[in-house]
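Participant: Build me a structure from this.
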Amino acid sequence: MGVPQTMEILSARAALVRESLQKSQNVTENMVSILGSFDYRLSALETAMRPTQIRTHSIRMAHENIDKTLKAAESMLAQFDLTRKAEAKILRGPHEDLEMYLEAISQLRSTNRYFTSNKNFKRNEAILTHTSNLLVKAISKLEDEFRQLLTNYSKPVEPERLFDCLPNSLRPSSASRQGDSGSKNSSDHHNKSLEASVFIPPTLIPPRVLPLLHDLAQQMILAGHQQQLFRIYRDIRGAVLEQSLRKLGVERLSKDDVQKMQWEALEAKIGNWIHYMRIAVKLLFAGERKICDQIFEGADALQDQCFADVTTSSVSVLLSFGEAIAKSKRSPEKLFVLLDMFEIMRELQPEIETLFGSKACIEMRDSALSLTMRLAETAQETFVDFEEAVERDATKTAVLDGTVHPLTSYVINYVKFLFDYKSTLKQLFQGFEASDPDAQLGVVTKRIVQALQTNLDGKSKQYRDPALTQLFLMNNIHYIVRSVRRSEAKDLLGDDWVQIHRRIVQQHANQYKRISWAKILQCLTVQASGSGGASADAGGGLSRAMVRDRFKTFYIQFEELHQRQSQWTVPDSELRESLRLAVAEVLLPAYRSFINRYGQIENGKASQRYIRYSPEDLERMLNEFFEGKTFSEQKR
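Facilitator: Take a look at the predicted model:
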């Protein structure tokens, strides 16, 4: 096919395409025209419908507003009705029906919240003012009711009730309940069952009343009346607690009062104070903590502050007496009451930590701990004072018969009594020394005993008779050794100490025998003088005159010893018999031998003129030595 023919075909096809495009353009223009007309008519219709739509929406909104208004009105009317009913209950007061009264207060609070959140109501402010005034009156009546209830059921606890709450081992006897219980009752610290003893705090307020007081307190707290509530509770319960302690016998004593008091009276008051502390902490304070926690449950800060303020005055009275004793002039007899006081404070420490563990009570807790430490320090210082006082004791108490000196028995009884406080002393030493408490107690005991021995050495020099000096030292050191062997001190001082001091006793006994009997035994010494002959008849070396002189001298010296030493005393029966036997074992054989040899010097017959006593007579007289007899008793 040629080019011309091809061109014709393409031209024909292009003409057809132009024709088709033209037709499509016409259809599009027609459609746009139709749609434009439809849009115009729709817009006109919408314009015509808009007023009807607006009226319909307005009617619907009006109905909704009417419903809301009706509901609001109904709600307000209901609040008015509830407020009217609550007001009637409030005006009647809480005494008739406390539960309903508390419900009325809750309703008033609810009403207040309701009108506070609905600000658009015209009389909103007036109603809020009215309900608020009602609430003020209601809470004021609640305060009165709380005060009245707490007052009516808060009574001082009688001592008999408190004693009944104690374990049997700590209850005072009926006799002691009439007066002072005495300080030695405080030695109940030795009672091993004390740790397992059960203390039952008394019922301070009837359990049925506590929920009412709790509900009243809660409402006052919700009303923001914490301070009024706090003052009411503190004033009532604090006064009642102080009255309970006064009835028990607690009194406020200053340091000056303590210093002026006679020791016997003060000792009794200290013993009572120990009982008062135990009763106060384990019974009264524990009871106060319990009711305080129940009444103010849910208000921890108020719980702690109320308990702190209720107890602070009573705690101060009790601790101030302890401080006065701890700071008073030290003396040996005070050591044991100081240890008693230290021990009761240690015993009560866990309860004090628990009861007064809050921040509000920190001052009282610290004061109690400070007193414990002060008592320990004073006791420690008293140990040193006692040791020095024993060594320097210069009492002129005369022990004419050489017996155990009062200082010795006092010091040894003091030391033995210390061991009744062994566990307490260990606690005390642990607070001051890093070493073993047993070792420390042993050191203290040795120092005290050594101070006593030093003093006894000085006192022994007061005797003019050196034999009595030795007898005095023998008696006193023997008393010390025997006492140590029979007490717990033996375990701390040790067997070596005991053996050394037993040898010292024997040394003094030997010295006594040498000084007292060496001279008299010389009278019985047989002095040989060459061969026999006539001298044998005359006694084997002694002339009749010499024999008579020997017997005479012997009897004079023996009678003098008998008269003097029968007035001396060896109080320990075993030691006394041992000493007599030691003398007899030397004296009697020598006397028998002398009589046998020189007793018959006149024609083979015994001379009654110069042999006054038989060996049996001497033995009988020896048995009268060291009996502490007076001269008149000897003559009889």
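Participant: Return the set of buried residues in the helix or strand harbouring Ala584.
Facilitator: Element membership of Ala584 [criterion: DSSP states H and E] is helix 573-598. Judged by neighbour count (16 or more other Cβ atoms under 10 Å), helix 573-598 contains these buried residues: 575-576, 579-580, 582-584, 587, 590-591, 594-595, 597-598. Every residue, glycine included, has its C-beta placed from N, CA and C.
Participant: Return the list of helices and strands in contact with that helix.
Facilitator: Counting contacts by 3 or more Cβ pairs under 8 Å, 6 or more residues apart in numbering; DSSP states H and E, the secondary-structure elements packed against helix 573-598 are helix 466-485, helix 495-522, helix 544-565, helix 615-622.
Participant: most neighbours per residue, which of those?
Facilitator: The highest mean neighbour count among the helices and strands packed on helix 573-598, using mean count of other Cβ atoms under 10 Å, belongs to helix 466-485: a mean of 22.
Participant: what's the average pLDDT for it?
Facilitator: Mean per-residue pLDDT for helix 466-485: 95.
Participant: following it, which helix or strand shows up next?
Facilitator: The C-terminal neighbour of helix 466-485 among helices and strands, as given by DSSP H and E, is helix 489-493.
Participant: what comes into contact with that following helix?
Facilitator: Contacts of helix 489-493 with the rest of the structure, by Cβ atoms under 8 Å, 6 or more residues apart in numbering, involve Val415, Lys416, Phe419, Asp438, Leu441, Gly442, Thr445, Lys446, Val449, Ser483, Val484, Val498.
Participant: What subset of those residues is buried?
Facilitator: Burial by neighbour count, 16+ other Cβ under 10 Å: within those this picks out Val415, Leu441, Gly442, Thr445, Val449, Ser483, Val484, Val498.
Participant: May I see the helices and strands packed on helix 573-598 organised as a markdown table, with distance to Ala280 added?
Facilitator: What follows is the helices and strands packed on helix 573-598, written out as a markdown table (distance: least, Cβ to Cβ, whole Å):
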| stretch | distance to Ala280 |
| --- | --- |
| helix 466-485 | 39 |
| helix 495-522 | 44 |
| helix 544-565 | 60 |
| helix 615-622 | 64 |
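Participant: looking at those, which one has the lowest mean pLDDT?
Facilitator: Comparing the helices and strands packed on helix 573-598 by mean pLDDT, the weakest confidence falls on helix 544-565, with a mean of 91.
Participant: from the chain's centre, how far out does that one sit?
Facilitator: Here the centre of helix 544-565 is set off from its chain's centre by 69 Å, with Cα atoms, centre = their mean, to the nearest Å.
Participant: which secondary element of the protein has the worst mean pLDDT?
Facilitator: When each helix and strand of the chain is scored by mean pLDDT, DSSP states H and E, helix 534-537 comes last, with a mean of 40.
Participant: In terms of secondary structure, what does the host helix or strand of Leu229 contact?
Facilitator: Taking DSSP H and E as the definition, Leu229 sits inside helix 226-248. For helix 226-248, the helices and strands in contact under the criterion 3+ Cβ pairs under 8 Å, 6+ apart are helix 124-152, helix 159-164, helix 210-222, helix 263-279, helix 286-295, helix 300-327.
Participant: quick one: which of the ones you listed is nearest Thr454?
Facilitator: Counting by Cβ to Cβ, Thr454 lies closest to helix 263-279 out of these; the figure is 27.1 Å.
Participant: Taking helix 300-327 as reference, get the angle to that closest one.
Facilitator: Orientation note: helix 263-279 sits at an angle of 160 degrees relative to helix 300-327 (axes from the mean of the first three to the mean of the last three Cα atoms, to 10 degrees).
Participant: in helix 263-279, what counts as buried?
Facilitator: 266-279.
Participant: now stretch 345-359
Facilitator: For stretch 345-359, by 16+ other Cβ under 10 Å, it's Met345, Arg346, Glu347, Leu348, Glu351, Ile352, Leu355, Phe356.
Participant: Is it correct that the fourth one falls within a helix?
Facilitator: Think Leu348. Yes - judged by DSSP: H, G, I helix; E, B strand; the rest coil, Leu348 forms part of a helix.
Participant: Give the closest residue to it in space, chain neighbours not counted.
Facilitator: Val281 (4.8 Å; Cβ to Cβ, 6 or more residues apart in numbering).
Participant: Ok, the second one next?
Facilitator: Nearest residue to Arg346, sequence neighbours excluded (Cβ to Cβ, 6+ apart): Gln427, at 5.9 Å.
Participant: Please apply the same query to the fifth one.
Facilitator: With Cβ to Cβ, 6+ apart as the criterion, Glu351 has its nearest non-adjacent residue at 5.2 Å, and that residue is Val281.
Participant: so who does that neighbour touch?
Facilitator: In this structure, Val281 makes contact with Leu348, Glu351, Ile352, Leu355, judged by Cβ under 8 Å, 6+ apart.
Participant: Find the residue ranges of the stretch 301-450 of the chain scoring beneath the pLDDT cut-off.
Facilitator: In the predicted model of the stretch 301-450 of the chain, residues 431-435 satisfy pLDDT under 70.
Participant: the strands in it, which residues?
Facilitator: Assignment of strands within the stretch 301-450 of the chain using DSSP state E, counting those that start in this stretch yields no ranges at all.
Participant: any idea where the helices of it begin and end?
Facilitator: Using DSSP state H, counting those that start in this stretch, the helices assigned to the stretch 301-450 of the chain run over residues 334-355, 362-392, 406-418, 422-430, 437-460.
Participant: hmm, back to that, so which of the helices and strands packed on helix 573-598 comes closest to Glu388?
Facilitator: Each of those has some distance to Glu388 by Cβ to Cβ; the shortest is helix 466-485, at 18.9 Å.
Participant: Check which helices and strands that closest one sits against.
Facilitator: Contact analysis of helix 466-485 by 3+ Cβ pairs under 8 Å, 6+ apart lists helix 406-418, helix 437-460, helix 489-493, helix 495-522, helix 573-598 as its packing neighbours.
Participant: contacting residues for Leu210?
Facilitator: Ile291, Gln294, Ile295.
Participant: what's the burial count for the closest residue to Phe146 other than its chain neighbours?
Facilitator: Counting by Cβ to Cβ, 6+ apart, Phe146 lies nearest to Leu216, which is 4.4 Å off, once chain neighbours are set aside. With neighbours defined by other Cβ atoms under 10 Å, the count for Leu216 comes to 24.
Participant: Give me the neighbour count for Gly402.
Facilitator: Gly402: 28 surrounding residues under other Cβ under 10 Å.
Participant: if we can go back for a sec, between the helices and strands packed on helix 573-598, which one is nearest to Glu8?
Facilitator: Of all these, the one in closest proximity to Glu8, counting by Cβ to Cβ, is helix 495-522 (153.6 Å).
Participant: The helix holding Leu229 - what's its average pLDDT?
Facilitator: Per-residue pLDDT values over helix 226-248 give a mean of 95.
Participant: Can you name the residues in contact with that helix?
Facilitator: For helix 226-248, with Cβ under 8 Å, 6+ apart as the criterion, the contacting residues are 143, 146-147, 150-151, 154-159, 162, 217, 220-221, 276, 279-280, 284, 288, 291-292, 295, 299, 302, 305-306, 309-314, 317-318.
Participant: which of these are buried?
Facilitator: When burial is judged by neighbour count using 16+ other Cβ under 10 Å, the buried members of the contacts of helix 226-248 are 143, 146-147, 150, 154, 156-157, 159, 162, 217, 220-221, 276, 279-280, 284, 288, 291-292, 295, 299, 302, 305-306, 309-312, 314, 317-318.
Participant: was I right about Gln430 contacting Pro437?
Facilitator: Yes - contact criterion Cβ atoms under 8 Å: Gln430 and Pro437 qualify, at 5.6 Å.
Participant: Between the two, tell me which one has more neighbours.
Facilitator: Residue environment comparison for Gln430 versus Pro437 gives the larger neighbour count to Pro437, 17 against 14, counting by other Cβ under 10 Å.
Participant: That one and Lys422 touch, don't they?
Facilitator: No - at 9.0 Å, Pro437 and Lys422 do not qualify as touching, with contact defined as Cβ under 8 Å.
Participant: Please parse this protein into its domains.
Facilitator: Taking the TED database as the criterion, the chain consists of the domains 11-153, 159-169+201-381, 388-512.
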